[in-house]
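J.: Sequence and predicted structure below; questions after.
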Amino acid sequence: MGFKSSGSQLRAAGIRNIEVDVILQGRDKINPEKEYSKLEKEKVRMIVFDDQEFPKLLKHIPDPPILFYMKGELKKEDDFCFGIVGTRLATNYGKETSQVIAFKLANAGLTIVSGMAIGIDSFAHKGALTSSGRTIAVVASGLDEKSLFPQENVGLSRKIIERGAMISEYPLGMKGDKEKFLFRNRIISGLSKGVLIVEAPLRSGALNTARHALDQNREVFAVPGNISSRMSFGANLLLKQGAALVTRAEDILQELNFKFTLPAVDETSAKIFSSENKVEEKIFDILNGNGEAKHIDEIARFSGTAVQKINASLTTMEMKGIIKNLGNGKYTLEERYLVPIEDEEV
């Protein structure tokens, strides 16, 4: 099948009628040599369905792309991908949860896939980049920086290309729109063994991704959220409908039967933290005092440290697997770090 293939040849290759019409109508306006020259200039490669690099999982979805454009590279370890998506209007709870879970999953060896949108998607990519792992962004526009959407994430896209890949069905110069966003979601789920919805209202592209995941026989996971928050209505609905409940990255790894190792338990806070982490050391001591969860304002008050510094340290400690975010600003130590306390009357 080549550039000058007939309509019947394109259909025989599995291309849908609507796509065939677009190809036939636009083909005469395209100069193949000029287009390839643009791709080379932008360091973009075109991966077609029959190429060895075309992901195996993606080949077997009901409506795989016949080709996609790519910046960066796909590696063998990207055979085991996991999608994390959610609303653009994410709360701080959603952003932190997305980043921490992505960090832990990437450290365990999964490649994190998301859509590079503002909000949950961006923090999923950032979490993977903060770890030692890889990440893939599936975008709904051309891969050239002028067309890339959202423009606010051009800097993030450069980091993703260094540690993974950015892919799109759409040629250079093409802007994104609502229909393209919804259509690309099938690729996010198609690349992945499972998909996690962190936060999503009832009308959400993230729920559209969840539906694609179900159609593709993928596992769907969701993070429970505040029952009064519209940003959690969609994720909570998925849980009622049978999605796997996730409060920590280990829930996903266990459900997927993915082998992983937890950080070794240190006996004392002095061994866990270096002298450079005085704020983290204070937080550890406060949370380990009686083993009860504490609000961030409480931790700040007891430690005599500004809330902004406490918040940054809490995020770091959660990524390390030392503390657990219970939502609504409350934190506790992970169970394996809690020192057993005996009741005085025993």
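T.: Looks like it arrived, so ask away.
J.: Could the C-alpha coordinates of stretch 111-130 be exported in CSV?
T.: Backbone C-alpha positions of stretch 111-130 (Å, rounded to 0.1, in the frame of the first residue of the first chain) are rendered in CSV as follows:
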residue,chain,number,x,y,z
THR,A,111,5.9,3.4,31.5
ILE,A,112,3.3,6.1,32.3
VAL,A,113,1.0,7.1,29.4
SER,A,114,-1.1,10.2,29.5
GLY,A,115,-2.4,13.0,27.3
MET,A,116,-0.2,15.9,28.4
ALA,A,117,-3.2,18.1,29.2
ILE,A,118,-3.1,20.7,32.0
GLY,A,119,-4.1,19.1,35.3
ILE,A,120,-4.0,15.4,36.1
ASP,A,121,-2.2,14.4,32.9
SER,A,122,0.7,16.9,33.4
PHE,A,123,1.3,15.7,36.9
ALA,A,124,1.3,12.1,35.8
HIS,A,125,4.1,12.9,33.4
LYS,A,126,5.9,14.9,36.0
GLY,A,127,5.7,12.1,38.5
ALA,A,128,7.3,9.7,36.0
LEU,A,129,10.0,12.2,35.0
THR,A,130,10.9,12.7,38.7
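J.: Do a quick rundown of the strands in the protein.
T.: 45-48, 67-72, 81-85, 111-114, 135-138, 164-168, 192-197, 219-222, 244-245, 294-295, 323-327, 330-333 (DSSP state E).
J.: Partner strands of the last one and their direction?
T.: It refers to strand 330-333. strand 294-295 (antiparallel), strand 323-327 (antiparallel) (DSSP bridges).
J.: Let me know which of the ones you listed is the nearest to Leu67.
T.: strand 323-327 (40.9 Å; CB to CB). No exception for glycine: its C-beta is placed from N, CA and C like everyone else's.
J.: Present the strands of the chain as JSON lines; the columns should include mean pLDDT and distance to Leu156.
T.: Formatted as JSON lines, these follow (pLDDT from 0 to 100; distance: least, CB to CB, whole Å):
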{"stretch": "strand 45-48", "mean pLDDT": "92", "distance to Leu156": "20"}
{"stretch": "strand 67-72", "mean pLDDT": "94", "distance to Leu156": "13"}
{"stretch": "strand 81-85", "mean pLDDT": "97", "distance to Leu156": "15"}
{"stretch": "strand 111-114", "mean pLDDT": "98", "distance to Leu156": "11"}
{"stretch": "strand 135-138", "mean pLDDT": "98", "distance to Leu156": "8"}
{"stretch": "strand 164-168", "mean pLDDT": "96", "distance to Leu156": "10"}
{"stretch": "strand 192-197", "mean pLDDT": "97", "distance to Leu156": "19"}
{"stretch": "strand 219-222", "mean pLDDT": "97", "distance to Leu156": "24"}
{"stretch": "strand 244-245", "mean pLDDT": "96", "distance to Leu156": "28"}
{"stretch": "strand 294-295", "mean pLDDT": "91", "distance to Leu156": "31"}
{"stretch": "strand 323-327", "mean pLDDT": "84", "distance to Leu156": "23"}
{"stretch": "strand 330-333", "mean pLDDT": "87", "distance to Leu156": "27"}
